[in-house]
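Peer 1: predicted model and sequence follow; I will ask about them next.
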Amino acid sequence: MADKILMKGNEAIAEAAIKAGCMHYFGYPITPQTEVAAYMAKRMPKIGGCFLQAESEVAAINMVYGVASTGKRVMTSSSSPGISLKSEGLSYLAGSDLPALIVNVQRGGPGLGGIQPSQADYFQATKGGGHGDFKMIVLAPSSVQEMADLTVKGFDLADKYRMPTMLLADGTMGQMMEPVSLDYEITSTVDKPWATTGTKMEREHNIVTSLFLKPDELEDLVIERYERYKVVEENEVMYEEYMMDDAEICIAAFGIAARVAKNAINEARKQGIKVGLIRPITLWPFPVAPFKKAANQVKEIISVELSMGQMIEDVRLASECKVPVTLCNRTGGMIPSPEQVLEAINKANGGAK
Amino acid sequence: MTNQILLSGFGGQGILFTGKFLAYKGLLADKNVSWLPSYGPEMRGGTASCSVIISDEEVGSPIISQPDVLIAMNLPSFEKFEPTVKPGGIIIADSSLIEAKSARTDIDVYYIPATKLASEMGKQSLANMIILGKLLKVMGDFDEENIKAVLSKVIPPKKADMLDINLKAMKIGAEN
């Protein structure tokens, strides 16, 4: 194994993307993800790649559309308000069946909000992210190593299913440094016969578009796309279970919230409380099965989130409301403390009310 | 065994660099580590802080609410974080900039005039390394060869000539 080095989450994303063969990056600076762009600005010219700081987020996502149409791996990154600006482009990418990686290092919202960490873009990422019927694959890293690994995975999934994939991180994940190993063997070569690479007068023109004026034609296309989404749901769900074997209380948390929750779980276990964690790694497709199973095992599920409670809706659906699903949260850029989570665990255990 | 170290001072004092040293030291010792800076407007002239966790176990939350070790390089940081240090913990404070004293008896507080000592060296920006030397000494972990190995990781190659002066500052810290 290669030596581990310390890297910021944002830098790990950028280097992993390059290792995954992404030679085109378009972005616009915004805290707390600016290091992605800064790293790309430094590295891309040295390896013959393209770093371009666009005039706006809208321009950047449309540049992504352009490169994706040619079948090349391409990415952009931003933080919450910037992602809202990109949402038109996300819808166009999905409507044109184009693969691309979009990174959202979330900050507190709504509006311009703040610059501290948040998970309040869960709805935006998993329930659309733009107009029309479509889905994005949404990956939620919980360590710097996962920031890198899921970046590579994100490109693979985007190519495989011809759809935009979002890496949904938050300010702490982007800013923190942890040991990371970037030892990837990139072998994935997905055939892209649809790409606009020039006909050489040997084939019909490839046309990349999201415009379909005949409603029956558009309906067929959307339905076909949803068939593909079903395959993603069947094959690509990722999650981590922590101490769930004998758990009587289950915590649902992703990203930074899951790490806080682990501290609280370790503490609660010392007190003899049987509590475990289900950590979704794919937010879409959502890991329905483990929550469905947990609902027959635990007496309560606690959703720990850096929002007013967004993932909790998917947890309730997945657990089919068989057990109470409660919320333990902070928002606006605040992070729940392990003590706050422990208190929620104690309460669920019938302790201090 | 988990060591939670909180470093805090003014932006520009080398708080993040000092944290990076400790994180790399942990990494070279094959520990799990995390390094989390405060980020945002406070970095421009205000207080900068950095949380470093070094652990035998997987690091959970990278955020520190009760540090085992506090490095305080200005008064606001000292006042804010001194009460949060875990009983049995350590504070290293730059007494050139912090006149206050801790009233706590359940922790060990070391005062070292780091900024003054650094000025005497002719490079005030080395105060952080003096404090760092003091911390390693207090923790019984001042090993020159190890320090050189870590410094060579955290000092970029084009500034390699800075290694010796950093080491010298750390030695001064260890002796005071």
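Peer 2: Sure, I can see it. Residues are numbered from 1 along each chain as shown, chains lettered A, B, ... in the order given.
Peer 1: quick one, strands of the chain?
Peer 2: Let's take chain A. A:5-8, A:24-27, A:50-53, A:74-78, A:100-106, A:137-139, A:164-170, A:177-180, A:239-242, A:249-252, A:275-280, A:282-284, A:300-305, A:325-329 (DSSP state E).
Peer 1: try chain B instead
Peer 2: B:2-10, B:32-37, B:47-55, B:69-72, B:90-94, B:108-112.
Peer 1: of all those, which one comes closest to residue A:194?
Peer 2: strand B:32-37 (42.6 Å; C-beta to C-beta). Heads up, the C-betas are built off the backbone N, CA and C, glycines and all.
Peer 1: that closest one near chain A at all?
Peer 2: Yes. Applying C-beta under 8 Å from any C-beta of the partner chain, one finds strand B:32-37 in contact with chain A at B:32, B:33, B:34, B:35, B:36, B:37.
Peer 1: can you pick the most crowded of the residues you listed?
Peer 2: Counting neighbours by other C-beta atoms under 10 Å in any protein chain shown, residue B:35 leads those with 29 neighbours.
Peer 1: next, format the strands of chain B as TSV and append mean pLDDT and distance to residue A:283.
Peer 2: What follows is these, written out as TSV (pLDDT from 0 to 100; distance: least, C-beta to C-beta, whole Å):
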stretch	mean pLDDT	distance to residue A:283
strand B:2-10	95	29
strand B:32-37	96	23
strand B:47-55	94	26
strand B:69-72	98	36
strand B:90-94	97	41
strand B:108-112	97	45
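Peer 1: just these: most buried one?
Peer 2: strand B:69-72 (a mean of 28; mean count of other C-beta atoms under 10 Å in any protein chain shown).
Peer 1: quick one: strands adjacent to it?
Peer 2: Partner strands and pairing direction for strand B:69-72 (DSSP bridges) are strand B:2-10 (parallel), strand B:90-94 (parallel).
Peer 1: go ahead and confirm residue A:336 touches residue A:260.
Peer 2: Yes. Residue A:336 lies in contact with residue A:260 (C-beta atoms under 8 Å); the separation is 5.7 Å.
Peer 1: mind listing the shared neighbours of these two?
Peer 2: residue A:304 (C-beta atoms under 8 Å, 6 or more residues apart in numbering or on different chains).
Peer 1: quick one: which of these two has more around it?
Peer 2: Using other C-beta under 10 Å as the criterion, residue A:336 and residue A:260 rank with residue A:260 on top: 28 against 24.
Peer 1: wait, doesn't that one sit right on residue A:337?
Peer 2: Yes. Assessed by C-beta under 8 Å, residue A:260 is found in contact with residue A:337 at 7.1 Å.
Peer 1: who are the contact partners of residue A:282?
Peer 2: Here residue A:282 is in contact with A:137, A:138, A:139, A:140, A:236, A:237, A:238, A:239 (C-beta under 8 Å, 6+ apart).
Peer 1: change it to 10 Å
Peer 2: If you count contacts by C-beta atoms under 10 Å, 6 or more residues apart in numbering or on different chains, residue A:282 has them with A:126, A:137-140, A:150, A:153, A:157, A:165, A:232-233, A:236-239, A:254.
Peer 1: for chain B, which residues are neighbours of chain A?
Peer 2: B:16, B:19-20, B:23-24, B:26-28, B:30-41, B:50-53, B:57-63, B:65-66, B:153-154 (C-beta under 10 Å from any C-beta of the partner chain).
Peer 1: no more questions from me, cheers.
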